[in-house]
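Participant: Prediction below, plus the sequence it came from.
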Amino acid sequence: MKLIRNTISILATAATLAVSLSTAADASGPIAFQPAPDLAEYCQRYYGAELRLTKYSPLGWQCYKSPSQTWGISVGTACKNQYGLPKAAYRNKADPYSWYCTTAKPKPARVDLNRYCKKHFGTDARAKLLGSTTLDWVCAHGTHSRWGISVSTACKEQHGLPKASYTNRNDPNSWYCHR
């Protein structure tokens, strides 16, 4: 019986790794290797238990010793212990084998509108807010010279990132750059 459980555990781990690798290979652009956490190792390490799938979803895994001894799994802890990566995520909410370990999402890059104005309209130009929303910024020189700002261009020039967005239209300082 133990041999069967170990074989199932190995197959589950191999399937998880295969799914992680095939998904990474299918993604567009370069992607860092994102290892799959070994949930069976986690159960054994923390509870001396076996891994069981109770519901066919990423959240359906548990550590099982007996009907009265079951534990949830901290996949983030498994990722941190096994790979030193601080975050766990899954690719598909219907696939229990889609867990992977990754780094935390980077903070968005802030855009410097003054820097953009100076580069495009001269060292005396500056960013000026004419209203109270993110779309009310212009480059200004003196009281009458005003030009529009391309925040996407500023993001490309300052961070090499192709897109600009804001978190809150009513917060003029919420622009950020991203992929």
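Facilitator: Looks like it came in fine. Residues are numbered from 1 along each chain as shown.
Participant: just checking, residue 96 touches residue 53?
Facilitator: Yes: if you go by C-beta atoms under 8 Å, residue 96 and residue 53 touch, sitting 5.7 Å apart. Just so you know, the C-beta spots here come from the backbone N, C-alpha and C atoms, and that holds for glycine as well.
Participant: care to break the protein down by domain?
Facilitator: As assigned by automatic domain parsing, the chain contains the domains 2-102, 109-178.
Participant: thinking again about what came up before, between residue 96 and residue 53, which one's more packed in?
Facilitator: residue 96 (22 against 15; other C-beta atoms under 10 Å).
Participant: so who does the more buried one touch?
Facilitator: 53, 56-58, 60-61 (C-beta atoms under 8 Å, 6 or more residues apart in numbering).
Participant: The same query, at a cut-off of 6 Å, please.
Facilitator: 53, 56-58, 60 (C-beta atoms under 6 Å, 6 or more residues apart in numbering).
Participant: Let's see if you can find the most crowded of the residues you listed.
Facilitator: Result: residue 58 is most packed of the contacts of residue 96 (other C-beta under 10 Å), 19 neighbours.
Participant: neighbours of the closest residue to that one other than its chain neighbours, just the number please.
Facilitator: Distances taken as C-beta to C-beta, 6 or more residues apart in numbering put residue 90 closest to residue 58, at 3.9 Å, once the chain neighbours are dropped. The local packing of residue 90 (other C-beta under 10 Å) involves 17 other residues.
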